[in-house]
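Q: 3D, please:
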Amino acid sequence: MITIRKAEDRGHFDHGWLDTYHTFSFADYYDPDFMGFRALRVINDDRVAPGRGFGTHGHRDMEIVTYVIEGALAHRDSMGTGSIIHPGEVQRMSAGTGVMHSEMNASLEEPVRLLQIWILPERRGITPGYEQKEFGEDERREKLRLVASRDGSEGAVTIHQDVKLYASLLDGGNVRHDFAENRYGWLQVARGNADINGQKLKEGDGAAIANEASVVIKGSGAEILLFDLN
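A: Presented below is the predicted three-dimensional model:
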């Protein structure tokens, strides 16, 4: 079964400096029917104005994955990490026992657009950690590139949960993913248009996948993220 979460049905707030869409309940947006999906707790589609961003704030007991779609995001945290995240790079921050961080648009001229993803960890009290890796366009074009996983296989960043996250760029091609028994999926369309097992999706749409042995995803100018969840 594939259940579409339409882009226009998400929570939406325009704060001037931040234009954000919430796939699941977050902050002032609450929908009891969309509290998350399996271990996936948050997918926020954020557009941040030049020179603005999220000042220093704290997190704990959460795996936070940041995926930049356009622009550049500057990150600093209490672990001493300072970096800039560009399109094609995936950042993983394990908040664990507690971490403070800030996220700012690295440009004073151009906006930045990113997906911020929260995944519930497999246990509480993990030692905080940080990881950032680049996955070039050629690695993602017309294929599902593993970018995050529990064991960090294939050069993916490591997350403390039984989740595999794939990224793909599709422009006329298609990719197939087979699910093991009792596994679930979530597809998020970051850009463009896609089709999953014959169901059409547009930018911002998501799809919950349950009791499907496999999915075939087609795309036109599409950038997608596919989660394989327990």
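Q: V216: neighbour count?
A: Neighbour count of V216, defined by other C-beta atoms under 10 Å: 12. Bear in mind the C-beta positions are built from the backbone N, C-alpha and C, glycine included.
Q: what pairs with it across the strands?
A: For V216, the beta-bridge partners under DSSP bridges are R176.
Q: any idea how far D178 is from it?
A: 10 Å (C-beta to C-beta, to the nearest Å).
Q: Let me know the pLDDT of the residue positioned nearest the centre of the chain.
A: The centre of the chain sits closest to I117, judged by C-alpha atoms, centre = their mean, with a distance of 4.3 Å. pLDDT recorded at I117 is 98.
Q: what about the nearest residue to it once chain neighbours are set aside, distance to G80?
A: Once flanking residues are discounted, I117 sits nearest to V65: 4.2 Å by C-beta to C-beta, 6 or more residues apart in numbering. Using C-beta to C-beta, V65 is found at 20 Å from G80.
Q: ok, now L120?
A: From L120 to G80 the distance is 26 Å (C-beta to C-beta).
Q: And those two? Which one has more around it.
A: L120 (18 against 7).
Q: I figured that one hits Q161, correct?
A: Yes: look at L120 against Q161 with C-beta atoms under 8 Å: they come within range, at 6.6 Å.
Q: so what sits against both of these two?
A: Residues touching both L120 and Q161 by C-beta atoms under 8 Å, 6 or more residues apart in numbering: 39, 63.
Q: what's the average pLDDT for stretch 165-180?
A: 97.
Q: Could you do stretch 37-47 as well?
A: On average, stretch 37-47 scores 98.
Q: Quick one: distance of that stretch to the chain centre.
A: Taking C-alpha atoms, centre = their mean, to the nearest Å, one finds stretch 37-47 lying 7 Å from the centre of the chain it belongs to.
Q: repeat for stretch 40-59
A: 12 Å.
Q: Buried residues in it, which are they?
A: 40-49, 52-54, 59 (16 or more other C-beta atoms under 10 Å).
Q: Tell me the helices and strands packed up against the host helix or strand of the residue nearest to I117.
A: According to DSSP states H and E, V65 maps onto strand 63-70. Helices and strands touching strand 63-70, by 3 or more C-beta pairs under 8 Å, 6 or more residues apart in numbering; DSSP states H and E, are strand 89-94, strand 112-119, strand 184-196.
Q: could the ones you listed go into JSON lines alongside distance to M1?
A: Below are the helices and strands packed on strand 63-70 laid out as JSON lines (distance: least, C-beta to C-beta, whole Å):
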{"stretch": "strand 89-94", "distance to M1": "29"}
{"stretch": "strand 112-119", "distance to M1": "22"}
{"stretch": "strand 184-196", "distance to M1": "10"}
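Q: quick one, which of those is nearest to T3?
A: strand 184-196 (10.1 Å; C-beta to C-beta).
Q: Name the strands paired with the closest one and say parallel or antiparallel.
A: Strand 184-196 is paired, per DSSP bridges, with strand 199-201 (antiparallel), strand 206-209 (antiparallel), strand 214-229 (antiparallel).
Q: so which of those strands is the most packed in?
A: Comparing the strands paired with strand 184-196 by mean neighbour count (mean count of other C-beta atoms under 10 Å), strand 206-209 ranks first with a mean of 23.
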